[in-house]
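**Student:** Build me a model:
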Amino acid sequence: MSLIPQILSEVFPTFQSSTANALIDWKETPEAHVFKADLPGLKKEEVKVEVEEGRVLKISGERAAEKEDKNDKWHRIERARGKFLRRFYLPENAKLDEVKAAMENGVLTVTVPKQEVKKPQLKTIEITA
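**Tutor:** Numbering: from 1, shown residues only. Now for the predicted structure:
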């Protein structure tokens, strides 16, 4: 098992509450933070992407249960149903006003461009006697 998810959760804490699991990958490229979520069977209208106060990216939605027919006999139900909600604390270099989201073939891709974080200027102070 990889330590990358554990390290990422320590560096950039995330938290979730869900009844329908939404698994999300987060990678950082030189240009952006890219989030990919597998959401098979969902339409883009059933998913919401928001940026909350405090640089928090929020991805939420709901996978509805199938309509049941009284004549149906279920043998197994494994696919998750219900609401999902994931939040990610974005780092200082995230351009929050330029976030883009796209959905293709059941995969949601959220791209958060990066900006250069200005380093504080260093001023040397002369020491006198």
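
**Student:** Okay, now the unreliable bits of this structure?
**Tutor:** For the chain, the stretches flagged by pLDDT under 70 are 1-20.

**Student:** Spit out the contact partners of residue 32.
**Tutor:** Counting by Cβ atoms under 8 Å, 6 or more residues apart in numbering, residue 32 touches 111, 112, 113, 114. Just so you know, the C-beta spots here come from the backbone N, C-alpha and C atoms, and that holds for glycine as well.

**Student:** Is residue 37 bridged to anything, and to what?
**Tutor:** residue 24, residue 108 (DSSP bridges).

**Student:** on that earlier part again, could you dump the contacts of residue 32 into TSV with distance to residue 49, secondary structure and neighbour count added?
**Tutor:** Below are the contacts of residue 32 laid out as TSV (distance: Cβ to Cβ, whole Å; DSSP: H, G, I helix; E, B strand; the rest coil; neighbours: other Cβ atoms under 10 Å):
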residue	distance to residue 49	secondary structure	neighbour count
111	11	strand	16
112	10	strand	24
113	15	strand	16
114	18	strand	18
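
**Student:** So which of these is the closest to residue 53?
**Tutor:** Residue 53 lies nearest to residue 112 out of the contacts of residue 32, by Cβ to Cβ, at 15.7 Å.

**Student:** I figured the closest one hits residue 92, correct?
**Tutor:** No. Judged on Cβ atoms under 8 Å, residue 112 makes no contact with residue 92 at a distance of 12.0 Å.
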